[in-house]
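**Student:** Sequence and predicted model, in that order:
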Amino acid sequence: MITETDELGEALEKAAKIWPELAGQRTQLLRRILEVGSEQIEQRANEAKSERLKQIENLAGALSGVWPASWREELAADWPR
(Lines give C-alpha, C1' and ligand atoms only; values in the text may rest on other atoms or scores of the structure.)
Protein backbone atom coordinates (compact mmCIF):
# COMPACT_ATOMS: atom_id res chain seq x y z
CA MET A 1 0.00 0.00 0.00
CA ILE A 2 1.28 3.46 -0.88
CA THR A 3 0.28 6.57 1.02
CA GLU A 4 -0.37 9.50 -1.28
CA THR A 5 1.85 12.35 -0.16
CA ASP A 6 1.71 15.87 -1.57
CA GLU A 7 4.67 15.05 -3.81
CA LEU A 8 3.04 11.89 -5.12
CA GLY A 9 -0.19 13.77 -5.76
CA GLU A 10 1.70 16.39 -7.75
CA ALA A 11 3.51 13.68 -9.70
CA LEU A 12 0.18 12.02 -10.53
CA GLU A 13 -1.26 15.35 -11.70
CA LYS A 14 1.75 15.94 -13.94
CA ALA A 15 1.54 12.37 -15.23
CA ALA A 16 -2.15 12.88 -16.07
CA LYS A 17 -1.13 15.79 -18.30
CA ILE A 18 1.45 13.65 -20.06
CA TRP A 19 -0.88 10.65 -20.41
CA PRO A 20 -4.39 12.15 -20.53
CA GLU A 21 -5.89 8.78 -21.51
CA LEU A 22 -5.03 7.64 -17.96
CA ALA A 23 -6.14 10.83 -16.20
CA GLY A 24 -8.85 9.17 -14.11
CA GLN A 25 -6.84 6.03 -13.39
CA ARG A 26 -4.39 6.88 -10.61
CA THR A 27 -3.18 3.28 -10.30
CA GLN A 28 -2.36 3.14 -14.01
CA LEU A 29 -0.65 6.52 -13.80
CA LEU A 30 1.46 5.30 -10.91
CA ARG A 31 2.42 2.19 -12.87
CA ARG A 32 3.42 4.35 -15.84
CA ILE A 33 5.50 6.62 -13.59
CA LEU A 34 7.25 3.56 -12.16
CA GLU A 35 7.91 2.14 -15.63
CA VAL A 36 9.45 5.39 -16.82
CA GLY A 37 11.42 5.75 -13.61
CA SER A 38 12.71 2.21 -13.88
CA GLU A 39 13.85 2.84 -17.45
CA GLN A 40 15.62 6.02 -16.34
CA ILE A 41 17.35 4.19 -13.50
CA GLU A 42 18.54 1.47 -15.88
CA GLN A 43 19.75 4.07 -18.37
CA ARG A 44 21.67 5.97 -15.69
CA ALA A 45 23.20 2.75 -14.37
CA ASN A 46 24.34 1.82 -17.89
CA GLU A 47 25.78 5.31 -18.41
CA ALA A 48 27.66 5.11 -15.10
CA LYS A 49 29.04 1.68 -16.02
CA SER A 50 30.16 2.95 -19.43
CA GLU A 51 31.86 5.94 -17.80
CA ARG A 52 33.70 3.70 -15.32
CA LEU A 53 34.87 1.41 -18.13
CA LYS A 54 36.00 4.45 -20.14
CA GLN A 55 38.01 5.70 -17.16
CA ILE A 56 39.58 2.27 -16.66
CA GLU A 57 40.55 2.15 -20.34
CA ASN A 58 42.06 5.65 -20.07
CA LEU A 59 44.17 4.55 -17.09
CA ALA A 60 45.19 1.20 -18.57
CA GLY A 61 48.93 1.18 -19.07
CA ALA A 62 49.42 4.48 -17.22
CA LEU A 63 51.87 2.83 -14.82
CA SER A 64 53.90 0.98 -17.44
CA GLY A 65 57.56 1.22 -16.64
CA VAL A 66 57.05 2.02 -12.96
CA TRP A 67 58.46 -1.35 -11.97
CA PRO A 68 61.72 -2.59 -13.47
CA ALA A 69 61.50 -5.46 -15.94
CA SER A 70 63.20 -7.77 -13.45
CA TRP A 71 60.93 -6.94 -10.48
CA ARG A 72 59.84 -10.54 -10.00
CA GLU A 73 63.39 -11.80 -9.79
CA GLU A 74 64.32 -8.96 -7.41
CA LEU A 75 61.35 -9.72 -5.18
CA ALA A 76 62.06 -13.44 -5.22
CA ALA A 77 65.69 -12.79 -4.25
CA ASP A 78 64.49 -11.32 -0.94
CA TRP A 79 62.84 -14.59 0.07
CA PRO A 80 64.82 -17.40 1.69
CA ARG A 81 65.22 -20.52 -0.37
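**Tutor:** The structure has been received and is ready for your questions. Numbering: from 1, shown residues only.
**Student:** can we go C-alpha only for contacts and neighbour counts from here?
**Tutor:** Will do.
**Student:** As a check, name the ranges of all helices in this protein.
**Tutor:** For the chain, the helices defined by DSSP state H cover 6-18, 26-59, 71-77.
**Student:** what about residue 70, neighbour count?
**Tutor:** 8 (other Cα atoms under 10 Å).
**Student:** Use 37 as the first number for this chain going forward.
**Tutor:** Okay, using 37 as the starting number, the last item reads as residue 106.
**Student:** Report the contact partners of it.
**Tutor:** Contacts for residue 106 (Cα atoms under 8 Å, 6 or more residues apart in numbering) come out as none.
**Student:** Any figure for the gap between it and residue 113?
**Tutor:** 11 Å (Cα to Cα, to the nearest Å).
**Student:** in this protein, which residue is closest to the centre?
**Tutor:** What sits nearest the mean C-alpha location of the chain, by Cα atoms, centre = their mean, is residue 81, with 2.0 Å.
**Student:** gap between that one and residue 73?
**Tutor:** 12 Å.
**Student:** How about residue 63?
**Tutor:** Noted for residue 63: a distance of 15 Å to residue 73, by Cα to Cα.
**Student:** so what's residue 59 up against?
**Tutor:** 51, 52, 53, 65.
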